[in-house]
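J.: everything below, folded, please.
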Amino acid sequence: MLRIDLSRGVSNCDRVNRRDFLRVGSLGLTGLNLPAFERARAAAEGTGKAERSVVWLWLGGGASHIETFDPKMSAPSEYRSVVGAVRTKIPGVELGSVFPLLAERLDRLALIRSFTHRNSGHGGGTHWVMTGYDFPAADNGSAPIKPGMGAVLAKYRGPNNARTGLPTYVRMNNILADGAAWLGPSYAPFDAGGRARQNLELRLGVRRLDERKSLLSQLDRANREVDQSGVMEGMDRLSARAFDLVLGRAKEAFDLTREPLRVRENFGKGLGEQLLLARRLCEWGVGFVTIHFGGWDMHGDIAKGMKTLGPRVDRAVAAFLDDLRDRGMSDRVLLVITGEFGRTPRVNGSAGRDHWAPLSTLALAGGGLKMGQVVGESSARAEVPKSSPVTPQDLMATVFHVLGLPLDLHLRDPLGRQIPALTTGRPIPELV
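T.: Just a heads-up that it's a prediction; the model follows:
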(Lines give C-alpha, C1' and ligand atoms only; values in the text may rest on other atoms or scores of the structure.)
Protein backbone atom coordinates (compact mmCIF):
# COMPACT_ATOMS: atom_id res chain seq x y z
CA MET A 1 0.00 0.00 0.00
CA LEU A 2 1.26 3.48 -0.87
CA ARG A 3 1.19 5.74 2.17
CA ILE A 4 1.28 9.52 1.80
CA ASP A 5 1.86 11.70 4.83
CA LEU A 6 0.79 15.29 4.23
CA SER A 7 0.04 16.01 7.86
CA ARG A 8 2.54 18.86 7.96
CA GLY A 9 1.57 20.23 4.58
CA VAL A 10 3.82 21.28 1.72
CA SER A 11 3.38 25.01 1.75
CA ASN A 12 6.24 25.64 4.15
CA CYS A 13 8.89 23.99 2.00
CA ASP A 14 11.88 24.90 4.09
CA ARG A 15 10.56 22.58 6.79
CA VAL A 16 9.46 19.76 4.54
CA ASN A 17 11.69 16.70 4.50
CA ARG A 18 11.46 13.58 2.43
CA ARG A 19 10.00 11.45 5.20
CA ASP A 20 7.31 14.04 5.92
CA PHE A 21 6.23 14.20 2.31
CA LEU A 22 6.07 10.65 1.04
CA ARG A 23 6.45 7.20 2.50
CA VAL A 24 6.42 4.10 0.37
CA GLY A 25 5.03 1.24 2.40
CA SER A 26 7.27 -1.51 1.08
CA LEU A 27 9.59 -2.63 -1.63
CA GLY A 28 9.19 -6.35 -1.28
CA LEU A 29 7.96 -5.67 2.27
CA THR A 30 11.18 -3.92 3.24
CA GLY A 31 9.48 -1.81 5.85
CA LEU A 32 11.67 1.10 4.69
CA ASN A 33 10.53 4.13 2.78
CA LEU A 34 12.63 4.75 -0.31
CA PRO A 35 14.76 7.61 1.03
CA ALA A 36 15.40 5.77 4.28
CA PHE A 37 16.18 2.66 2.26
CA GLU A 38 18.81 4.57 0.28
CA ARG A 39 20.31 6.22 3.36
CA ALA A 40 20.50 2.89 5.18
CA ARG A 41 22.23 1.32 2.21
CA ALA A 42 24.82 4.11 2.08
CA ALA A 43 25.43 3.87 5.82
CA ALA A 44 25.90 0.10 5.66
CA GLU A 45 28.32 0.37 2.76
CA GLY A 46 30.27 3.00 4.65
CA THR A 47 30.85 0.80 7.66
CA GLY A 48 32.24 -2.11 5.64
CA LYS A 49 30.61 -4.52 8.09
CA ALA A 50 28.90 -7.62 6.75
CA GLU A 51 26.18 -9.49 8.57
CA ARG A 52 26.74 -13.14 9.28
CA SER A 53 24.66 -15.60 7.32
CA VAL A 54 23.49 -19.20 7.56
CA VAL A 55 23.25 -21.63 4.66
CA TRP A 56 21.04 -24.52 5.73
CA LEU A 57 21.52 -27.66 3.60
CA TRP A 58 18.55 -29.90 4.26
CA LEU A 59 18.98 -33.59 3.43
CA GLY A 60 15.29 -34.26 3.05
CA GLY A 61 14.03 -37.73 3.86
CA GLY A 62 16.48 -38.28 6.71
CA ALA A 63 20.06 -39.10 5.75
CA SER A 64 21.70 -41.96 7.60
CA HIS A 65 24.00 -40.70 10.34
CA ILE A 66 26.02 -43.91 9.93
CA GLU A 67 26.70 -43.74 6.18
CA THR A 68 27.41 -39.99 6.40
CA PHE A 69 29.38 -38.91 9.46
CA ASP A 70 29.56 -41.83 11.93
CA PRO A 71 30.40 -45.04 10.00
CA LYS A 72 31.03 -47.26 13.06
CA MET A 73 33.30 -49.71 11.25
CA SER A 74 34.08 -51.57 14.49
CA ALA A 75 30.42 -52.54 14.96
CA PRO A 76 28.94 -55.84 13.68
CA SER A 77 28.38 -55.93 9.93
CA GLU A 78 24.62 -55.31 10.16
CA TYR A 79 25.29 -52.02 11.98
CA ARG A 80 28.38 -50.55 10.35
CA SER A 81 28.35 -48.34 7.25
CA VAL A 82 27.35 -50.37 4.18
CA VAL A 83 29.53 -48.12 1.99
CA GLY A 84 32.60 -48.40 4.19
CA ALA A 85 34.60 -45.47 5.53
CA VAL A 86 37.33 -43.04 4.56
CA ARG A 87 40.01 -41.61 6.84
CA THR A 88 40.01 -37.88 7.51
CA LYS A 89 42.58 -35.24 8.39
CA ILE A 90 41.76 -35.80 12.06
CA PRO A 91 43.45 -38.96 13.38
CA GLY A 92 40.99 -41.69 14.33
CA VAL A 93 37.98 -39.94 12.73
CA GLU A 94 36.29 -41.45 9.68
CA LEU A 95 33.46 -40.47 7.35
CA GLY A 96 31.34 -42.60 5.07
CA SER A 97 33.45 -43.56 2.05
CA VAL A 98 31.35 -41.48 -0.37
CA PHE A 99 32.74 -38.27 1.18
CA PRO A 100 36.47 -38.31 0.35
CA LEU A 101 36.62 -34.57 -0.41
CA LEU A 102 35.00 -33.65 2.90
CA ALA A 103 37.38 -36.03 4.67
CA GLU A 104 40.25 -33.90 3.33
CA ARG A 105 38.54 -30.79 4.70
CA LEU A 106 37.46 -32.01 8.10
CA ASP A 107 39.60 -29.32 9.73
CA ARG A 108 36.92 -26.91 8.46
CA LEU A 109 33.98 -28.99 9.70
CA ALA A 110 32.52 -29.97 13.05
CA LEU A 111 30.70 -33.31 13.23
CA ILE A 112 27.93 -33.61 15.82
CA ARG A 113 27.62 -37.30 16.63
CA SER A 114 25.14 -36.85 19.47
CA PHE A 115 22.37 -34.88 17.75
CA THR A 116 19.10 -36.25 19.09
CA HIS A 117 15.36 -35.82 19.38
CA ARG A 118 12.33 -38.12 19.72
CA ASN A 119 10.12 -37.71 16.63
CA SER A 120 10.85 -40.20 13.86
CA GLY A 121 8.10 -38.92 11.54
CA HIS A 122 8.98 -36.88 8.49
CA GLY A 123 6.64 -34.00 9.35
CA GLY A 124 7.19 -33.97 13.08
CA GLY A 125 10.92 -34.48 12.83
CA THR A 126 11.24 -31.70 10.29
CA HIS A 127 9.19 -29.34 12.45
CA TRP A 128 11.35 -30.09 15.47
CA VAL A 129 14.68 -29.54 13.72
CA MET A 130 13.56 -26.50 11.71
CA THR A 131 11.84 -24.66 14.57
CA GLY A 132 13.30 -26.15 17.75
CA TYR A 133 9.89 -27.45 18.86
CA ASP A 134 8.17 -30.82 18.67
CA PHE A 135 4.78 -30.91 16.97
CA PRO A 136 3.61 -34.50 16.32
CA ALA A 137 0.52 -33.34 14.42
CA ALA A 138 2.81 -32.25 11.60
CA ASP A 139 3.11 -35.95 10.73
CA ASN A 140 -0.57 -35.85 9.77
CA GLY A 141 -0.30 -32.71 7.65
CA SER A 142 -1.08 -30.05 10.25
CA ALA A 143 0.36 -26.64 9.49
CA PRO A 144 3.46 -25.60 11.46
CA ILE A 145 2.80 -23.86 14.75
CA LYS A 146 6.21 -22.23 15.15
CA PRO A 147 8.22 -20.00 12.81
CA GLY A 148 11.38 -21.33 11.21
CA MET A 149 14.75 -19.88 12.14
CA GLY A 150 15.05 -17.91 8.92
CA ALA A 151 11.73 -16.20 9.61
CA VAL A 152 12.83 -15.37 13.15
CA LEU A 153 15.95 -13.74 11.71
CA ALA A 154 13.84 -11.77 9.22
CA LYS A 155 11.71 -10.53 12.11
CA TYR A 156 14.80 -9.50 14.06
CA ARG A 157 16.81 -7.90 11.23
CA GLY A 158 13.95 -6.79 9.03
CA PRO A 159 12.56 -8.56 5.95
CA ASN A 160 15.13 -7.02 3.59
CA ASN A 161 18.76 -6.05 3.78
CA ALA A 162 19.12 -2.28 3.97
CA ARG A 163 22.35 -2.29 1.97
CA THR A 164 21.16 -4.29 -1.05
CA GLY A 165 17.39 -4.63 -0.84
CA LEU A 166 17.57 -8.41 -1.04
CA PRO A 167 15.38 -10.46 1.29
CA THR A 168 16.83 -11.46 4.62
CA TYR A 169 15.50 -14.99 4.13
CA VAL A 170 15.68 -16.96 0.86
CA ARG A 171 14.80 -20.59 0.23
CA MET A 172 15.50 -22.97 -2.63
CA ASN A 173 12.74 -25.57 -2.63
CA ASN A 174 10.20 -25.85 0.12
CA ILE A 175 10.89 -27.49 3.48
CA LEU A 176 8.09 -28.14 5.94
CA ALA A 177 8.23 -25.61 8.79
CA ASP A 178 10.65 -23.28 7.03
CA GLY A 179 7.98 -20.57 6.90
CA ALA A 180 6.94 -17.71 9.13
CA ALA A 181 3.88 -19.35 10.75
CA TRP A 182 2.18 -16.71 12.92
CA LEU A 183 4.92 -14.13 12.41
CA GLY A 184 3.09 -13.36 9.17
CA PRO A 185 3.87 -13.23 5.45
CA SER A 186 6.21 -10.25 5.81
CA TYR A 187 8.81 -12.63 7.26
CA ALA A 188 8.21 -15.62 5.02
CA PRO A 189 11.08 -16.81 2.81
CA PHE A 190 11.60 -15.44 -0.67
CA ASP A 191 11.34 -18.42 -3.00
CA ALA A 192 14.46 -18.35 -5.17
CA GLY A 193 13.12 -21.09 -7.40
CA GLY A 194 9.60 -19.82 -7.94
CA ARG A 195 7.86 -17.24 -10.05
CA ALA A 196 8.97 -14.46 -7.76
CA ARG A 197 12.58 -15.40 -8.42
CA GLN A 198 12.04 -15.50 -12.16
CA ASN A 199 10.71 -11.97 -12.21
CA LEU A 200 12.74 -10.78 -9.22
CA GLU A 201 9.57 -9.20 -7.94
CA LEU A 202 10.68 -9.25 -4.30
CA ARG A 203 7.04 -9.83 -3.42
CA LEU A 204 5.98 -6.82 -5.48
CA GLY A 205 5.01 -7.06 -9.15
CA VAL A 206 6.96 -5.07 -11.70
CA ARG A 207 3.71 -3.62 -12.94
CA ARG A 208 2.87 -2.40 -9.45
CA LEU A 209 6.34 -0.92 -9.15
CA ASP A 210 5.82 0.87 -12.45
CA GLU A 211 2.48 2.13 -11.15
CA ARG A 212 4.13 3.45 -8.00
CA LYS A 213 6.84 5.07 -10.04
CA SER A 214 4.20 6.71 -12.23
CA LEU A 215 2.28 7.89 -9.17
CA LEU A 216 5.46 9.35 -7.71
CA SER A 217 6.00 11.30 -10.93
CA GLN A 218 2.43 12.60 -10.87
CA LEU A 219 2.74 13.67 -7.25
CA ASP A 220 6.05 15.32 -8.02
CA ARG A 221 4.61 17.29 -10.93
CA ALA A 222 1.58 18.33 -8.90
CA ASN A 223 3.65 19.67 -6.07
CA ARG A 224 6.73 20.97 -7.86
CA GLU A 225 5.21 24.45 -8.13
CA VAL A 226 5.07 24.70 -4.34
CA ASP A 227 8.52 23.25 -3.83
CA GLN A 228 11.12 25.99 -3.95
CA SER A 229 13.78 24.10 -2.02
CA GLY A 230 14.64 21.26 -4.39
CA VAL A 231 13.32 18.63 -1.99
CA MET A 232 11.16 16.91 -4.60
CA GLU A 233 13.88 16.82 -7.24
CA GLY A 234 16.22 15.33 -4.69
CA MET A 235 13.67 12.70 -3.83
CA ASP A 236 13.25 11.90 -7.52
CA ARG A 237 16.88 10.91 -7.65
CA LEU A 238 16.69 8.93 -4.42
CA SER A 239 13.59 7.09 -5.54
CA ALA A 240 15.07 6.31 -8.93
CA ARG A 241 18.17 4.79 -7.33
CA ALA A 242 16.08 2.68 -4.98
CA PHE A 243 13.88 1.40 -7.80
CA ASP A 244 16.92 0.71 -9.96
CA LEU A 245 18.49 -1.16 -7.05
CA VAL A 246 15.54 -3.49 -6.60
CA LEU A 247 14.80 -4.03 -10.29
CA GLY A 248 18.35 -3.73 -11.56
CA ARG A 249 21.42 -4.36 -9.43
CA ALA A 250 19.76 -6.87 -7.12
CA LYS A 251 19.30 -9.20 -10.07
CA GLU A 252 23.06 -9.57 -10.20
CA ALA A 253 23.01 -11.63 -7.02
CA PHE A 254 21.00 -14.35 -8.77
CA ASP A 255 23.05 -14.33 -11.97
CA LEU A 256 25.53 -17.20 -11.84
CA THR A 257 26.97 -16.27 -15.23
CA ARG A 258 28.79 -13.45 -13.45
CA GLU A 259 30.96 -16.08 -11.78
CA PRO A 260 34.18 -17.16 -13.53
CA LEU A 261 33.77 -20.36 -15.53
CA ARG A 262 36.34 -22.20 -13.40
CA VAL A 263 34.30 -21.44 -10.26
CA ARG A 264 31.08 -22.71 -11.81
CA GLU A 265 32.81 -25.84 -13.04
CA ASN A 266 34.27 -26.45 -9.60
CA PHE A 267 30.83 -26.34 -7.98
CA GLY A 268 29.17 -28.41 -10.69
CA LYS A 269 25.50 -28.57 -11.64
CA GLY A 270 22.45 -29.09 -9.47
CA LEU A 271 23.32 -28.83 -5.79
CA GLY A 272 26.60 -27.15 -6.67
CA GLU A 273 24.77 -24.36 -8.49
CA GLN A 274 22.47 -23.89 -5.52
CA LEU A 275 25.38 -23.61 -3.10
CA LEU A 276 27.15 -21.19 -5.41
CA LEU A 277 24.00 -19.09 -5.53
CA ALA A 278 23.79 -19.28 -1.74
CA ARG A 279 27.31 -17.87 -1.45
CA ARG A 280 26.42 -15.02 -3.80
CA LEU A 281 23.30 -14.26 -1.80
CA CYS A 282 25.30 -14.17 1.43
CA GLU A 283 27.66 -11.66 -0.18
CA TRP A 284 24.62 -9.53 -0.96
CA GLY A 285 23.43 -9.52 2.63
CA VAL A 286 20.93 -12.39 2.67
CA GLY A 287 21.00 -13.71 6.22
CA PHE A 288 19.45 -17.15 5.90
CA VAL A 289 19.35 -19.48 2.88
CA THR A 290 17.72 -22.91 2.93
CA ILE A 291 18.49 -25.54 0.29
CA HIS A 292 16.39 -28.70 0.14
CA PHE A 293 18.32 -31.61 -1.38
CA GLY A 294 16.06 -34.63 -0.97
CA GLY A 295 16.04 -38.34 -1.68
CA TRP A 296 17.52 -39.69 1.58
CA ASP A 297 14.55 -41.80 2.74
CA MET A 298 16.44 -44.99 1.94
CA HIS A 299 14.36 -47.87 3.31
CA GLY A 300 15.88 -50.18 0.71
CA ASP A 301 19.27 -50.59 -0.98
CA ILE A 302 20.88 -47.78 0.99
CA ALA A 303 24.28 -48.54 -0.53
CA LYS A 304 23.02 -47.63 -4.01
CA GLY A 305 21.30 -44.50 -2.72
CA MET A 306 24.36 -43.30 -0.85
CA LYS A 307 26.62 -43.89 -3.85
CA THR A 308 24.23 -41.77 -5.92
CA LEU A 309 23.63 -38.81 -3.61
CA GLY A 310 26.73 -38.84 -1.43
CA PRO A 311 29.23 -37.80 -4.13
CA ARG A 312 26.98 -34.90 -5.16
CA VAL A 313 27.01 -33.54 -1.62
CA ASP A 314 30.72 -34.25 -1.29
CA ARG A 315 31.68 -32.28 -4.38
CA ALA A 316 29.30 -29.36 -3.85
CA VAL A 317 30.04 -28.85 -0.16
CA ALA A 318 33.80 -29.19 -0.69
CA ALA A 319 33.62 -26.51 -3.39
CA PHE A 320 31.53 -24.31 -1.11
CA LEU A 321 34.03 -24.60 1.76
CA ASP A 322 36.96 -23.86 -0.54
CA ASP A 323 35.16 -20.90 -2.05
CA LEU A 324 34.36 -19.39 1.35
CA ARG A 325 37.98 -19.83 2.42
CA ASP A 326 39.35 -18.28 -0.77
CA ARG A 327 37.05 -15.27 -0.37
CA GLY A 328 37.74 -14.80 3.32
CA MET A 329 34.10 -15.59 4.14
CA SER A 330 34.45 -18.70 6.29
CA ASP A 331 33.77 -16.86 9.54
CA ARG A 332 30.90 -14.89 8.00
CA VAL A 333 28.88 -17.89 6.83
CA LEU A 334 27.71 -20.89 8.86
CA LEU A 335 26.87 -24.01 6.86
CA VAL A 336 24.44 -26.42 8.55
CA ILE A 337 24.02 -29.92 7.09
CA THR A 338 21.16 -31.88 8.62
CA GLY A 339 17.79 -33.52 8.00
CA GLU A 340 14.73 -34.55 9.99
CA PHE A 341 16.37 -37.58 11.61
CA GLY A 342 18.94 -40.35 11.08
CA ARG A 343 18.34 -44.00 10.15
CA THR A 344 17.96 -47.18 12.16
CA PRO A 345 21.28 -48.58 13.42
CA ARG A 346 20.53 -52.06 12.12
CA VAL A 347 20.16 -52.62 8.38
CA ASN A 348 16.67 -53.95 7.55
CA GLY A 349 15.66 -56.89 5.34
CA SER A 350 15.59 -54.67 2.26
CA ALA A 351 19.22 -53.64 2.70
CA GLY A 352 18.06 -50.22 3.85
CA ARG A 353 17.54 -48.32 7.08
CA ASP A 354 14.32 -46.93 8.54
CA HIS A 355 13.52 -43.71 10.44
CA TRP A 356 15.53 -43.05 13.61
CA ALA A 357 15.37 -39.77 15.57
CA PRO A 358 17.42 -40.76 18.68
CA LEU A 359 20.55 -40.11 16.62
CA SER A 360 20.38 -37.71 13.69
CA THR A 361 22.75 -36.35 11.08
CA LEU A 362 24.39 -32.98 11.77
CA ALA A 363 27.56 -31.25 10.61
CA LEU A 364 28.50 -27.57 10.82
CA ALA A 365 31.13 -25.46 9.08
CA GLY A 366 32.33 -21.89 9.55
CA GLY A 367 30.37 -19.11 11.19
CA GLY A 368 33.23 -18.23 13.52
CA LEU A 369 32.77 -21.47 15.44
CA LYS A 370 35.57 -23.85 16.45
CA MET A 371 36.04 -26.31 13.63
CA GLY A 372 38.08 -29.48 13.12
CA GLN A 373 36.44 -31.54 15.85
CA VAL A 374 33.85 -34.16 16.70
CA VAL A 375 31.26 -33.15 19.28
CA GLY A 376 29.68 -35.89 21.32
CA GLU A 377 29.92 -39.63 20.94
CA SER A 378 27.35 -42.21 19.92
CA SER A 379 26.85 -45.60 21.51
CA ALA A 380 28.77 -48.59 20.15
CA ARG A 381 26.07 -49.37 17.57
CA ALA A 382 25.11 -45.76 16.82
CA GLU A 383 21.79 -46.07 18.61
CA VAL A 384 21.77 -43.16 21.07
CA PRO A 385 24.15 -40.45 22.31
CA LYS A 386 26.79 -41.77 24.67
CA SER A 387 27.92 -38.29 25.67
CA SER A 388 27.11 -34.59 25.18
CA PRO A 389 23.61 -34.86 23.68
CA VAL A 390 22.73 -31.98 21.37
CA THR A 391 19.05 -31.16 20.81
CA PRO A 392 17.30 -29.11 18.11
CA GLN A 393 17.00 -26.30 20.64
CA ASP A 394 20.77 -26.40 21.15
CA LEU A 395 21.28 -26.22 17.39
CA MET A 396 18.87 -23.28 17.26
CA ALA A 397 20.74 -21.52 20.08
CA THR A 398 24.03 -22.07 18.24
CA VAL A 399 22.55 -20.50 15.11
CA PHE A 400 21.31 -17.57 17.22
CA HIS A 401 24.84 -17.17 18.62
CA VAL A 402 26.36 -17.05 15.14
CA LEU A 403 23.78 -14.58 13.79
CA GLY A 404 23.89 -12.31 16.82
CA LEU A 405 20.33 -12.96 17.94
CA PRO A 406 19.79 -12.66 21.70
CA LEU A 407 19.28 -16.00 23.40
CA ASP A 408 16.46 -14.41 25.39
CA LEU A 409 14.70 -13.16 22.26
CA HIS A 410 10.92 -12.99 22.68
CA LEU A 411 8.32 -13.02 19.91
CA ARG A 412 4.72 -11.87 20.00
CA ASP A 413 2.35 -14.77 19.35
CA PRO A 414 -1.15 -14.52 17.77
CA LEU A 415 -2.67 -13.86 21.22
CA GLY A 416 -0.35 -10.93 21.79
CA ARG A 417 1.79 -12.72 24.35
CA GLN A 418 5.54 -12.28 24.43
CA ILE A 419 6.95 -15.80 24.30
CA PRO A 420 10.61 -16.89 24.25
CA ALA A 421 12.05 -18.05 20.95
CA LEU A 422 14.24 -20.47 22.92
CA THR A 423 13.27 -22.32 26.07
CA THR A 424 15.90 -24.94 26.88
CA GLY A 425 18.52 -24.49 24.16
CA ARG A 426 22.09 -23.36 24.75
CA PRO A 427 24.89 -22.90 22.18
CA ILE A 428 26.94 -26.06 21.75
CA PRO A 429 29.74 -25.33 24.27
CA GLU A 430 32.51 -27.12 22.36
CA LEU A 431 31.94 -24.84 19.36
CA VAL A 432 31.58 -21.36 20.83
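J.: longest helix of this protein, counting residues only.
T.: helix 302-326 (DSSP state H).
J.: now find how far off-centre it is within its chain.
T.: 18 Å (CA atoms, centre = their mean, to the nearest Å).
J.: could we number from 6 for the rest of this?
T.: Sounds good: first residue 6 from here, last item helix 307-331.
J.: buried residues in that helix?
T.: 307-308, 310-311, 314-315, 317-329 (16 or more other CB atoms under 10 Å). Glycine gets a C-beta too; all of them are placed from N, C-alpha and C.
J.: show me what it is packed against.
T.: Applying 3 or more CB pairs under 8 Å, 6 or more residues apart in numbering; DSSP states H and E, we find helix 307-331 packed against strand 58-63, helix 70-73, helix 105-108, helix 266-272, helix 276-288, strand 338-343, strand 367-371.
J.: can we see that at 7 Å?
T.: When contacts are defined as 3 or more CB pairs under 7 Å, 6 or more residues apart in numbering; DSSP states H and E, helix 307-331 sits against helix 105-108, helix 266-272, helix 276-288.
J.: how about those in CSV, adding mean pLDDT and distance to residue 191?
T.: Shown next, in CSV, are the helices and strands packed on helix 307-331 (pLDDT from 0 to 100; distance: least, CB to CB, whole Å):
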stretch, mean pLDDT, distance to residue 191
helix 105-108, 98, 37
helix 266-272, 98, 32
helix 276-288, 97, 19
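J.: nearest residue to residue 98 in space, ignoring adjacent ones along the chain?
T.: The shortest distance from residue 98 to any non-neighbouring residue, by CB to CB, 6 or more residues apart in numbering, is to residue 379 (5.8 Å).
J.: next secondary structure after the helix or strand harbouring that neighbour?
T.: For residue 379, the element it lies in under DSSP states H and E is strand 378-380. Proceeding N to C from strand 378-380, the next assigned helix or strand is strand 382-383, under DSSP H and E.
J.: contacts for that following strand?
T.: 75, 118-119, 364, 390-392 (CB atoms under 7 Å, 6 or more residues apart in numbering).
J.: partner strands of that strand, with direction?
T.: The strands beside strand 382-383 in its sheet (DSSP bridges) come out as strand 390-392 (antiparallel).
J.: and residue 191, how many neighbours?
T.: The local packing of residue 191 (other CB atoms under 10 Å) involves 18 other residues.
J.: surely it meets residue 163?
T.: No: if you go by CB atoms under 7 Å, residue 191 and residue 163 don't touch, sitting 9.4 Å apart.
J.: can you tell me how far residue 360 is from residue 129?
T.: As defined by CB to CB, to the nearest Å, residue 360 lies at a distance of 10 Å from residue 129.
J.: repeat that for residue 349.
T.: Here the criterion is CB to CB. By it, residue 349 lies 17 Å from residue 129.
J.: so for those two, which residue has more residues nearby?
T.: residue 129 (25 against 21).
J.: where's that one, which helix or strand?
T.: Assigned by DSSP H and E, residue 129 belongs to helix 127-136.
J.: if we look at that helix, which residues are touching it?
T.: Applying CB under 7 Å, 6+ apart, the external contacts of helix 127-136 come out as 122, 124, 138-141, 143-144, 149, 151-153, 180-183, 343, 345-346, 362, 397.
J.: ok, of these, which come out buried?
T.: 122, 124, 138, 140, 143-144, 149, 151-153, 180-183, 343, 345-346, 362, 397.
J.: just the ones of the residues you listed in helices?
T.: residue 397.
J.: re earlier: now the contacts of strand 382-383: which count as buried?
T.: 75, 118-119, 364, 390.
J.: any chance of these in CSV, with secondary structure, distance to residue 430 and pLDDT too?
T.: Shown next, in CSV, are these (DSSP: H, G, I helix; E, B strand; the rest coil; distance: CB to CB, whole Å; pLDDT from 0 to 100):
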residue, secondary structure, distance to residue 430, pLDDT
75, coil, 22, 98
118, coil, 19, 98
119, coil, 15, 98
364, coil, 18, 98
390, strand, 16, 98
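J.: reformat these as TSV; add distance to residue 432.
T.: Below are the buried ones among the contacts of strand 382-383 laid out as TSV (distance: CB to CB, whole Å):
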residue	distance to residue 432
75	22
118	18
119	15
364	21
390	17
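J.: and those, which is closest to residue 157?
T.: residue 119 (24.7 Å; CB to CB).
J.: that closest one contacts residue 396, correct?
T.: No: assessed by CB under 7 Å, residue 119 is found out of contact with residue 396, at 9.6 Å.
J.: ok, back up a step: okay, the helices and strands packed on helix 307-331 in JSON lines with distance to residue 419 and mean neighbour count next?
T.: JSON lines is the format used below for the helices and strands packed on helix 307-331 (distance: least, CB to CB, whole Å; neighbours: other CB atoms under 10 Å):
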{"stretch": "helix 105-108", "distance to residue 419": "42", "mean neighbour count": "21"}
{"stretch": "helix 266-272", "distance to residue 419": "41", "mean neighbour count": "14"}
{"stretch": "helix 276-288", "distance to residue 419": "30", "mean neighbour count": "22"}
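J.: what about those, which gets the closest to residue 413?
T.: helix 276-288 (26.4 Å).
J.: check which helices and strands the closest one sits against.
T.: strand 58-63, helix 266-272, strand 293-297, helix 307-331.
J.: out of those, which gets nearest to residue 100?
T.: When these are ranked by proximity to residue 100 (CB to CB), helix 307-331 comes first, at 9.1 Å.
J.: where are the low-confidence patches of the stretch 106-255 of the chain?
T.: 199-254 (pLDDT under 70).
J.: go again with 80.
T.: By pLDDT under 80, the weakly predicted segments of the stretch 106-255 of the chain are 198-255.
J.: what ranges does it have for its strands?
T.: Using DSSP state E, counting those that start in this stretch, the strands of the stretch 106-255 of the chain run over 115-117, 174-177, 195-196.
J.: distance to residue 105 and mean neighbour count added to those, as CSV?
T.: As requested, the strands of the stretch 106-255 of the chain are exported to CSV (distance: least, CB to CB, whole Å; neighbours: other CB under 10 Å):
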stretch, distance to residue 105, mean neighbour count
strand 115-117, 15, 26
strand 174-177, 26, 26
strand 195-196, 34, 22
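J.: if anything else comes up later, I'll come back, but that's it for now.
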